[in-house]
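# Sequence and predicted structure, then a few things I'm wondering about:
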Amino acid sequence: MKGKIGVFMKRLLAGVMIGIGGILPGVSGSVLAVAFGLYARILDAIAAFFKDVKGNARFLFAVLLGGAAGLYGFSIILDRMMARYETPLIFLFCGLVAGSMPSLMRETKRACGEIKRRYWSMALAGFALSLFMLLIERESGSGAAASVGPMQAAISGAILAAGSILPGVSTSFILIRLGWYAPMMNALSSLNIALLFWAGVGALISGAALIGLVRFLLRRFPGWVYMAVIGLMAGTIITSLPAVPLAAKSLVYIIPLALGAVGAYFMASVADGV
């Protein structure tokens, strides 16, 4: 029983981190899912749910419960406290991504046997894509908050779902550009059922359209896909780290960065049991 509880708690904690990563600007929830060794399994459990209803339901319940807790709990933090703790939080999540890189390299080797030289071109492409998205972010500036109705909520849900399925894509930035990020976070923290319903509809439609495609690519071209994700992750770390002054007091941010890296390494070390 202790073993089952331990596995449940690991999945729950990973789900919390994935949920938070899904709404934290600059971080991708799907990258964290890959980092914790859960990405492919989540896709398989959803797409082939009825092949093993009991097993898939048990697995998804813990991860989705954690994800919902992360989304809701952190939306309250974002709505009330993000202005005060944004920098250390982003350093923490960059540490999570960095600490997961070794385990993802091992996962790549398991998936394709060996990492061939040509696969590194996809890593470079993923890294370049991250830098390109940063350039677009800086050029576009911050989007002003806009009113959000059912249609905007549905599109927001579709965008967030796409970010949960496509590794390395921080869809929070897209919502910021559209001016829908703050209103949607407020809707989540205040449990605005009407807007959340339409966001869920958009997320379901987007997810159904993308899960099959991503599963196909992972099965047919695992080396190419995983190396592209590695490149995106490396780029995510560089493009997400906040600019802090070069002063002795800035060294304090090494603490959340290191804690994130150690936490991700620990989670990766037990991923086979998750």
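Looks like it arrived, so ask away.
# show me where the chain has strands.
In the chain, no strands are defined using DSSP state E.
# Spatially central residue for it, please.
Compute the mean C-alpha point of the chain, and by Cα atoms, centre = their mean the closest residue is Gly29, 0.9 Å away.
# Okay, helices next: where are they in the stretch 151-274 of the chain?
Along the stretch 151-274 of the chain, the segments classed as helices by DSSP state H, counting those that start in this stretch run 171-178, 181-189, 193-220, 222-240, 254-269.
# For burial, what's the neighbour tally of the closest residue to Ser100 other than its chain neighbours?
Counting by Cβ to Cβ, 6 or more residues apart in numbering, Ser100 lies nearest to Ala35, which is 3.0 Å off, once chain neighbours are set aside. Bear in mind the C-beta positions are built from the backbone N, C-alpha and C, glycine included. Neighbours of Ala35 under the rule other Cβ atoms under 10 Å: 31.
# repeat for Thr236
Counted with other Cβ under 10 Å, the neighbours of Thr236 add up to 28.
# One more: the one 10 residues further on?
Leu246: 5 surrounding residues under other Cβ under 10 Å.
# Provide a list of residue ranges in the stretch 151-274 of the chain with pLDDT below threshold.
Per-residue confidence of the stretch 151-274 of the chain (counting by pLDDT under 70) places the weak regions at 167-174, 176-177, 247-249, 267-274.
# Of all the helices of the stretch 151-274 of the chain, which one is nearest Leu131?
With Cβ to Cβ as the measure, helix 222-240 is the member of the helices of the stretch 151-274 of the chain nearest Leu131 (5.8 Å).
# Work out the gap between the closest one and the centre of the chain.
Distance of helix 222-240 from the chain centroid (Cα atoms, centre = their mean, to the nearest Å) equals 12 Å.
# returning to that earlier point: from Trp180, how far off is the residue nearest to the centre of the chain?
For Gly29, the distance to Trp180 equals 17 Å [Cβ to Cβ, to the nearest Å].
# try Ala153
Note on Ala153: its distance to Trp180, by Cβ to Cβ, is 8 Å.
# Regarding the chain, what is its longest helix?
Assignment by DSSP state H gives helix 82-112 as the longest helix of the chain.
# got the CA coordinates for stretch 49-62 in PDB?
Written as PDB, here are the backbone C-alpha positions of stretch 49-62 (Å, rounded to 0.1, in the frame of the first residue of the first chain):
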ATOM      1  CA  PHE A  49      -8.000   5.300 -22.800                       C
ATOM      2  CA  PHE A  50     -10.500   2.500 -23.400                       C
ATOM      3  CA  LYS A  51      -7.800  -0.100 -24.000                       C
ATOM      4  CA  ASP A  52      -7.100  -0.100 -20.300                       C
ATOM      5  CA  VAL A  53      -9.800   2.000 -18.600                       C
ATOM      6  CA  LYS A  54      -8.800   1.100 -15.000                       C
ATOM      7  CA  GLY A  55      -5.100   1.600 -15.500                       C
ATOM      8  CA  ASN A  56      -5.300   4.700 -17.500                       C
ATOM      9  CA  ALA A  57      -7.900   6.200 -15.200                       C
ATOM     10  CA  ARG A  58      -5.700   5.600 -12.200                       C
ATOM     11  CA  PHE A  59      -2.700   7.100 -13.900                       C
ATOM     12  CA  LEU A  60      -4.600  10.200 -15.300                       C
ATOM     13  CA  PHE A  61      -6.500  10.800 -12.100                       C
ATOM     14  CA  ALA A  62      -3.400  11.600 -10.100                       C
END
